[in-house]
Every structure is written in C-alpha cells, then in structure tokens.
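*Asks:* pasting the sequence and the predicted coordinates here, then a few questions.
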Amino acid sequence: MTVTVKLDPQGRVVIPQAERERLGLPDGGVLELVPTPEGVLLERRRQATVTSDEEGLPLVALEDIDTVSNAEAIGAIHTQRDDR
C-alpha cells in the first residue's frame, strides 16, 4: 500500500494513524532517517536487550513486530518503482 504525504512548512511529515498503529509507533515515538541510494527510509527504533552467552559473548535480542530488514525494504522499493 502506498500512502502519499506532504511536508508542512517546517519540513514535518505526518504518518497516518493506521500506519503508526501497524508499526507500533506511540505518540512521541522516535524514527530514524536512514539515507539510501533511492532516497530515505524511515525506520522505527526497537528496544534491544543485550545478554551474554556461556562464553561471555554478547547476545542482542531486538523487539520485533512485523518489521522487515533494510534489504527487504529496499527490494520492495525497487519492485514498486520498476512496476510503474
């Protein structure tokens, strides 16, 4: 699903409520702006928990709710662009 949004005079973008709910973005939530060759990718920050395995090596677990990797997102952007 493609959603078109506009920048306001201060350069802000409003993310529609349905998308915020789908992504689990609370009011005041934080997104990261990730530059890509195609433009920019908005990515929500996820809570990370760091523990250690029995050898003392770090293990990182990320909170995840229906997210995709950057590579998958960029692939989807390419597919959508090429279908136009």
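*Replies:* Noted; the coordinates are in hand.
*Asks:* okay, helices next: where are they in this protein?
*Replies:* Applying DSSP state H to the chain gives helices spanning 17-23, 70-83.
*Asks:* reformat those as JSON lines; add mean pLDDT and mean neighbour count.
*Replies:* (Glycine included, C-beta is placed from N, CA and C.) JSON lines is the format used below for those (pLDDT from 0 to 100; neighbours: other CB atoms under 10 Å):
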{"stretch": "helix 17-23", "mean pLDDT": "84", "mean neighbour count": "12"}
{"stretch": "helix 70-83", "mean pLDDT": "74", "mean neighbour count": "11"}
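*Asks:* turn those helices into CSV, columns for distance to residue 58.
*Replies:* Output for the helices of the chain, formatted as CSV (distance: least, CB to CB, whole Å):
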stretch, distance to residue 58
helix 17-23, 27
helix 70-83, 21
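*Asks:* which stretch among those helices comes nearest residue 41?
*Replies:* Between residue 41 and the helices of the chain, the shortest gap by CB to CB is with helix 70-83, which sits at 6.0 Å.
*Asks:* for that closest one, what is the distance to the chain centroid?
*Replies:* 14 Å (CA atoms, centre = their mean, to the nearest Å).
*Asks:* neighbouring contacts of it?
*Replies:* Contact partners of helix 70-83, identified using CB atoms under 8 Å, 6 or more residues apart in numbering, comprise 2, 34, 36, 38, 41, 43, 68.
*Asks:* okay, and the beta partners of residue 43?
*Replies:* residue 32 (DSSP bridges).
*Asks:* I figured it hits residue 31, correct?
*Replies:* Yes - counting by CB atoms under 8 Å, residue 43 touches residue 31, with 6.5 Å between them.
*Asks:* circling back: of the helices of the chain, which is nearest residue 8?
*Replies:* The nearest among the helices of the chain, by CB to CB, is helix 17-23 at 16.8 Å.
*Asks:* only alpha carbons, please: show that closest one as CSV.
*Replies:* Presented in CSV, the C-alpha positions along helix 17-23 are these (Å, rounded to 0.1, in the frame of the first residue of the first chain):
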residue,chain,number,x,y,z
GLN,A,17,-2.7,6.8,12.2
ALA,A,18,-3.3,3.4,10.6
GLU,A,19,0.5,3.1,9.7
ARG,A,20,1.5,4.3,13.2
GLU,A,21,-0.7,1.6,14.7
ARG,A,22,0.6,-1.1,12.4
LEU,A,23,4.2,-0.3,13.2
